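Asks: task: produce atomic coordinates for the following.
(one chain, ligands or ions: 1)
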Amino acid sequence: MSQQHTTQDWRAMDAAHHLHPFSDTKGLNAQGARVITHADGIYLWDSEGNKITDGMAGLWCVNIGYGRKDLPEVAKRQMEELAYYNTFFKTTHPKVAELSALLASVAPDGFEHVFYTNSGSESVDTMIRMVRHYWSSVGKPEKKVLIGRWNGYHGSTIGGASLGGMSYMHEQGDLPIPGIAHVEQPWYYKHGKDLTPEEFGIQAAQWIEAKILEVGADKVAAFVGEPVQGAGGVIIPPSTYWPEVERICRKYDVLLVADEVICGFGRTGEWFGQTHFGFKPDMFTTAKGLSSGYLPIGAVFVGERVARGLIEEGGDFNHGFTYSGHPVCAAVAHANVAALRDEGIVERVKNATGPYMQQRWREVFGQFAHVDDVRGVGLIQAFTLVKNKATRELFDNWGEAGTQCRDIFFKHNLIMRACGDHIVCAPPLVITKAEIDAMLETAVACLREFEQLVAARS
Ligand SMILES: Cc1ncc(COP(=O)(O)O)c(CNc2cccc(C(=O)O)c2)c1O
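Replies: Okay, here's the model as predicted:
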């Protein structure tokens, strides 16, 4: 940490010059940003010396954990060898070729091709353009509409924010763009009513069929969904949902796209969420765990059918970024993915720390009066703060309770996200069982404090 500045110095510079993402800068500047200075494993340290447990792996992305010594070394060597060259105009370079081969080897069968971007949003926008170019290339240019879900999250670019179902984002920037439709999310706790989860999974999938028929199957290009909706609050669909979605997409010849930006690279205990939920998309988007956040890189995995269409019929695909397949980002992503595989990190989530977290998560949070729908898979888990468990009544002013609870976590140097009144947790995949126990012990104490607040208010 550079010694010539104090926390106050950093806060003053930041307040004077930095506009933060997803922030009310005025409110933030009134209280001052927390200055995170370094990190190791699952822990962060701020400029005041506080040690913070990062239950969110940054933004769902630091799968391999903080403080790796190998990744910086890889970046240094690559920077010295070839800091940059582009992959336009008939050129490539060793690291992006090697990364492409590695990604094809960890991807589910049938995914031999990747297109590189700098973020999840760019992966989603790339997918939107690719899907529409594919249908045009195979003689069906009218198939343009992409269907997403309300409360789905697909990024902040114009395409990603349009495809996402966050109304508060659509209000800023006159979104969604044309050719985007949305269906209700498969949130069993709220919409399941008297159905069994299995019955509801089929019903929720059939909302997509209804939308396809409403738009006209001949105009629908794709359905896009996150295996588990992350930023929407860890909405985990019933087991019957995704296989039924796939069946419906095949029935109407609609491409199926999985947005694996959060679920990808081990988060669910499988390499990709599609494997956990048992469906096969035509394409899927990734970022985050691809490099564990050490450098910005995203990738669109393109399945056989679309790849063949684009390669055989598509001609020039007029799309791409200066940094697509950036040598240093590709080198670090390669080392990261190889380590997730060779150190057995994904395997451990599936067979050890994931099952342990899911058992302990349900044990500790099942005991609270204002906590319900305790859920999770692998190392992505959540619960919902509710006013009345027996009647499933939610709190008024959706999000208020969540923010209050999150602030109590933060006060106790624990980071978990509040997505509305859903409290979500997605730690680095290297978390140990002992670290899980310690994190949950702190979280339980925070929940007790939250319930005391609720009691005092009622
Ligand atoms: C499923 C999904 N798709 C696309 C994106 C966009 O990725 P980029 O941010 O790299 O452009 C995301 C990103 N998800 C994301 C990003 C920032 C904050 C939070 C939060 O939960 O607070 C979630 C995501 O979760």
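
Asks: near the ligand, which residues of the chain?
Replies: Neighbours of the ligand within the chain, by CB under 6 Å from any ligand atom: 59, 119-121, 124, 153-156, 160, 226, 230-231, 259, 261-262, 287, 417. The way it works is simple: take the backbone N, C-alpha and C, and place the C-beta from them, glycine included.

Asks: try 8 Å this time
Replies: Proximity of the chain to the ligand, by CB under 8 Å from any ligand atom, involves residues 21-22, 56, 59-61, 119-124, 152-157, 160, 164, 226, 229-231, 259-263, 285, 287-288, 296, 298, 417, 419, 424.

Asks: does residue 148 sit in a helix, a strand or a coil?
Replies: strand (DSSP: H, G, I helix; E, B strand; the rest coil).

Asks: in a strand, residue 299, correct?
Replies: Yes - assessed with three-state DSSP, residue 299 lies in a strand.

Asks: mind listing what it touches?
Replies: 103, 114-117, 123, 285-287, 290 (CB atoms under 8 Å, 6 or more residues apart in numbering).

Asks: quick check: beta-bridge partners of it?
Replies: Beta-bridge partners of residue 299, counted by DSSP bridges, are residue 116, residue 286.

Asks: offset the numbering so it begins at 36, please.
Replies: With 36 as the first residue, the last one maps to residue 334.

Asks: roughly how far does it sit from the ligand?
Replies: 12 Å (CB to the nearest ligand atom, to the nearest Å).

Asks: before we move on, what about residue 67?
Replies: Counting by CB to the nearest ligand atom - residue 67 and the ligand are separated by 20 Å.

Asks: got the confidence number for that residue?
Replies: pLDDT recorded at residue 67 is 87.

Asks: verify the stated contact: residue 220 with residue 268.
Replies: No - in this structure, residue 220 is not within contact of residue 268 by CB atoms under 8 Å, at 9.3 Å.

Asks: tell me, what's touching these two both at once?
Replies: With CB under 8 Å, 6+ apart as the test, residue 220 and residue 268 both reach residue 186.

Asks: mind checking pLDDT for residue 452?
Replies: 95.

Asks: and for residue 206?
Replies: 96.

Asks: how many other residues sit next to it?
Replies: 9 (other CB atoms under 10 Å).

Asks: got it, and residue 64?
Replies: For residue 64, using other CB under 10 Å, the count is 17.

Asks: quick check: chain neighbours aside, which residue is closest to it?
Replies: residue 50 (4.2 Å; CB to CB, 6 or more residues apart in numbering).

Asks: how about that neighbour, secondary structure?
Replies: helix.

Asks: follow-up on the earlier one: out of the contacts of residue 334, who's nearest the ligand?
Replies: Ranked by distance to the ligand (CB to the nearest ligand atom), the contacts of residue 334 are led by residue 322 at 4.6 Å.

Asks: check contacts around that closest one.
Replies: 96, 152, 154-155, 157-158, 296, 331-334.

Asks: pLDDT score for it?
Replies: 98.

Asks: what of residue 38?
Replies: For residue 38, pLDDT reads 60.

Asks: any regions of the stretch 336-485 of the chain where pLDDT drops low?
Replies: For the stretch 336-485 of the chain, no stretch has pLDDT under 70.

Asks: ok, which stretches of it are strands?
Replies: Secondary structure of the stretch 336-485 of the chain (DSSP state E, counting those that start in this stretch): strands located at 406-412, 415-423, 428-429, 449-450, 452-454, 457-460.

Asks: looking at those, which is buried most?
Replies: strand 457-460 (a mean of 26; mean count of other CB atoms under 10 Å).

Asks: that one pairs with which strands?
Replies: strand 415-423 (antiparallel), strand 452-454 (antiparallel).

Asks: show me where the stretch 36-185 of the chain has helices.
Replies: All helices of the stretch 36-185 of the chain, identified by DSSP state H, counting those that start in this stretch, fall at 42-52, 60-66, 92-95, 105-117, 129-141, 155-172.

Asks: and those helices, which is most packed in?
Replies: Sorting those by mean neighbours (by mean count of other CB under 10 Å), the first place falls to helix 155-172, with a mean of 24.

Asks: list the helices and strands that helix packs on?
Replies: strand 146-152, helix 193-198, strand 255-260, strand 290-294, strand 318-321, strand 333-338, helix 339-343 (3 or more CB pairs under 8 Å, 6 or more residues apart in numbering; DSSP states H and E).

Asks: contacts made by the fourth one with the rest, please.
Replies: Read it as strand 290-294. Taking CB under 8 Å, 6+ apart as the rule, strand 290-294 contacts 155, 159, 162, 166, 169, 187, 189, 256-262, 280-281, 284, 307-309, 314-320, 341.

Asks: enumerate every residue touching the residue in the stretch 86-235 of the chain positioned nearest to the ligand.
Replies: Closest residue of the stretch 86-235 of the chain to the ligand, CB to the nearest ligand atom: residue 155 (2.3 Å). By CB under 8 Å, 6+ apart, the contact set of residue 155 is 189-190, 195, 294, 296, 320-323, 333.

Asks: tally of neighbours for the spatially closest residue to residue 193 that is not a sequence neighbour?
Replies: Spatial nearest neighbour of residue 193, chain neighbours left out: residue 212 (6.0 Å); criterion: CB to CB, 6+ apart. Look at residue 212: counted by other CB under 10 Å, it has 14 neighbours.

Asks: what do you get for residue 484?
Replies: Neighbours around residue 484, by other CB under 10 Å: 15.
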